[in-house]
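> structure of the sequence below:
(one chain, ligands or ions: 1)
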Amino acid sequence: MLDHDAIIIGAGISGLYQLHRLRALGLRARVFEAGTGVGGTWYWNRYPGARFDSESYSYGYSFSPELLQEWSWSEHFAPQPETLRYLNFVADKFDLRRDIQFRSRVTAAHWQEGTRSWEITLEDGSKHTCRFLITAIGPLSAPTMPKIEGVESFRGQSFHTARWPHEPVGFEGKRVAVIGTGATGVQTIQEVAKTAGHLTVFQRTPNWCAPLHNGPITEEEQREIKAGYPEIFRRCDETFACFLHTPDPRGTFEVTPEERLAFWEKLYGERGFGIWQGNFRDILIDRQANAELSAFIAGKIRQRVKDPAVADKLIPKNHGFGTRRVPLETRYYEVYNQPNVTLVDIAETPIERITESGIRTSAAEYAFDIIIYATGFDALTGAFDRIDFRGVDGLRLRDKWQEGPQTYLGMLVEGFPNMMMLMGPHTALGNIPRSIEYLVDWVSGLIGHAQATGITRIETTPEGVASWTDHVKSLGVGLLTNEVDSWMTGVNRNVEGKQTRIIARYSGSAPAYRERCDAAAAAGYPELRLG
Ligand SMILES: Cc1cc2nc3c(=O)[nH]c(=O)nc-3n(C[C@H](O)[C@H](O)[C@H](O)COP(=O)(O)OP(=O)(O)OC[C@H]3O[C@@H](n4cnc5c(N)ncnc54)[C@H](O)[C@@H]3O)c2cc1C
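Okay, here's the model as predicted:
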């Protein structure tokens, strides 16, 4: 007999909800989680300043009306400790912990054709078998260190933001370095700058940032939010990327220059991703529209940063606004007006090595007490690459995806029967929990169907994979985002073999994605071989 009906890898938002749904189907399910607690992203990313850029109330689970009423978010964009408390609250409320095994990193997953099952190996060498394997290992969960010599030689304290210690780290009077200015770097910098003796920011590529405009949720807002949840989630269901923001139907040049400017000023003054997700419909397709918007944002940076030379360094030159993920900030640009903050452009003066006492660039030697690596993740496929997945006839997933991922609906892979991926490559990103809930429901529907009909083997057809993968590729054509190196196009200069752009991300709309998945289920899964 198999040890479990299903094994779920990962106890983040995906894994927790998947466990809840499989239990409801009566399955014996087990979660293996590398960390010591639940929460995934919100368990690992404890760096100072970590918080949402999705509105809190649009991010939480929607599946339980009771949970929605019981939990009160304190801020429009909750900080990480609050989100971690929330996910622990969820785990307790639904009694999830008894089926989660912590400190259990999965190192291998091998398909066993004879028993139509998966054999999972943990880091401690133990083996566990199951019929269905569900990966909930996260789109941004495999941290990457920069490829710089001497990282181990530094004698001070050093941290990767996604492996932040559980104890507080003090910066008062300390000389602190932050390497990296992506979304995480921006959040870290603006927080550390408040107390550090001196903060030196090492920037390779500036990103276009926009104001978050966070604030506490008042009692009246809280009442409105709780009464308005059905409407909030209905709206998220309708929008392109499941955020509360949706593109304006007008084209950038269909309005007068004055109207355009007024609209952008309004968006710049509003909460959250409106300036990115709620802008004119053509800002990520029409080069001229994108250039105009980028010039508007560059103007804002110049207004906010006093030293024109520093402002210029903070303005991206190699990509337009919104073509990479937009970090949302709170007084980020003003940080560079502080006397205790220095910006070092490492595109101009590259880091040569980390030394015992700090960082050496081609131009200078800097001494530090603390180095913070805000160098991000091997995104989308990174967590997959770190597990030895072997399918039918020992086929390695890493080899299968050599030229980029090939999937059916982003959830199944040919040659890897009974394996379903939550938030793997080729699924809709955006406001991620909305996608997660949909994917979990779809996977649960498929497993429920298998249970009801006695099916023990599920595999996608090559035609299914070809048609979905081609569809995903075709959606990327003409998008300015796909002309830029970023984690969204699979490029990570710190990871071997990830120097060329691939299409790892589904760039169509979330409603269109769901429509396609719903249709497949309603038609009885014609692109799956069920037996
Ligand atoms: C700093 C930060 C801020 C973010 N902010 C937002 C936001 O505002 N809005 C938004 O929509 N999204 C945001 N995201 C994206 C975020 O990752 C998703 O919203 C969501 O948390 C993904 O949940 P998940 O359960 O799919 O994956 P994760 O939360 O990444 O959980 C995956 C889990 O799998 C475990 N795991 C991985 N590999 C193994 C293995 N081999 N063995 C055992 N366990 C394993 C990991 O330890 C982890 O606990 C943010 C991401 C980061 C890093």
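
> C-alpha from now on. contacts and neighbour counts both.
Noted.

> mean confidence for stretch 399-414?
Averaged over stretch 399-414, pLDDT sits at 94.

> does the ligand sit close to that stretch?
No - contact of stretch 399-414 with the ligand (CA under 6 Å from any ligand atom) is absent, the minimum separation being 12.6 Å.

> buried residues, that stretch. List them.
Along stretch 399-414, these residues count as buried under the neighbour rule (16 or more other CA atoms under 10 Å): 400, 404-414.

> quick one: name the residues of the stretch 151-300 of the chain near the ligand.
Thr184.

> and the helices in the stretch 151-300 of the chain?
183-192, 219-238, 257-268, 274-277, 287-304 (DSSP state H, counting those that start in this stretch).

> what pairs with Val201 across the strands?
Legend: beta-bridge partners of Val201 under DSSP bridges are Val178, Leu343.

> how many other residues sit next to the nearest residue to Arg514 once chain neighbours are set aside?
Among residues not flanking Arg514 along the chain, Tyr438 sits closest, at 7.7 Å (CA to CA, 6 or more residues apart in numbering). Neighbourhood size, Tyr438 [other CA atoms under 10 Å]: 16.

> tell me how far Tyr438 lies from the ligand.
When distance is defined by CA to the nearest ligand atom, to the nearest Å, Tyr438 is 12 Å away from the ligand.

> cool, and Leu96?
Distance of Leu96 to the ligand, given as CA to the nearest ligand atom: 14 Å.

> looking at the stretch 151-300 of the chain, which residue is nearest the ligand?
Thr184 (5.7 Å; CA to the nearest ligand atom).

> about what we covered before: the residue nearest to Arg514: what secondary structure?
Under DSSP: H, G, I helix; E, B strand; the rest coil, the three-state class of Tyr438 is helix.

> confidence score at it?
Tyr438 is given a pLDDT of 98.

> thinking again about what came up before, what is the neighbour count of the residue of the stretch 151-300 of the chain closest to the ligand?
Thr184: 23 surrounding residues under other CA under 10 Å.

> likewise the one 10 residues further on?
Number of residues near Lys194 (other CA under 10 Å) recorded here: 16.

> next one: it from Phe368, what distance?
17 Å (CA to CA, to the nearest Å).

> could you do Arg516 as well?
As for Arg516, its distance to Phe368 is 53 Å (criterion: CA to CA).

> neighbour count: those two, which is higher?
Between Arg516 and Phe368, Phe368 has the larger neighbour count (other CA under 10 Å), namely 22 against 14.

> pull the helix or strand with minimum mean pLDDT from this structure.
helix 462-476 (a mean of 90; mean pLDDT, DSSP states H and E).

> now Arg30: phi and psi?
Dihedral angles of Arg30 (phi, psi; degrees, to the nearest 10) stand at phi -130, psi 140.

> name the element Ala108 belongs to?
strand 106-112 (DSSP states H and E).

> how far out from the middle of the chain is that strand?
25 Å (CA atoms, centre = their mean, to the nearest Å).

> mind listing what's buried along that strand?
Buried residues in strand 106-112, counted by 16+ other CA under 10 Å: 106, 108-112.

> please apply the same query to stretch 55-70.
Within stretch 55-70, the residues that count as buried by 16+ other CA under 10 Å are 55-62, 67-68.

> contact partners of it?
73, 75-78, 90, 225-226, 229, 232-233, 236, 243-244, 272, 431-434, 437 (CA atoms under 8 Å, 6 or more residues apart in numbering).

> switch the cut-off to 7 Å
Under the criterion CA atoms under 7 Å, 6 or more residues apart in numbering, residues 73, 76-78, 226, 232-233, 431, 433 lie in contact with stretch 55-70.

> make CSV out of these and add pLDDT, distance to Pro206 and neighbour count.
Listed next are those as CSV, based on pLDDT from 0 to 100; distance: CA to CA, whole Å; neighbours: other CA atoms under 10 Å:
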residue, pLDDT, distance to Pro206, neighbour count
Trp73, 98, 32, 20
His76, 98, 26, 23
Phe77, 98, 23, 25
Ala78, 98, 25, 23
Lys226, 98, 38, 17
Ile232, 98, 33, 17
Phe233, 98, 34, 19
Asn431, 95, 23, 20
Pro433, 98, 28, 20
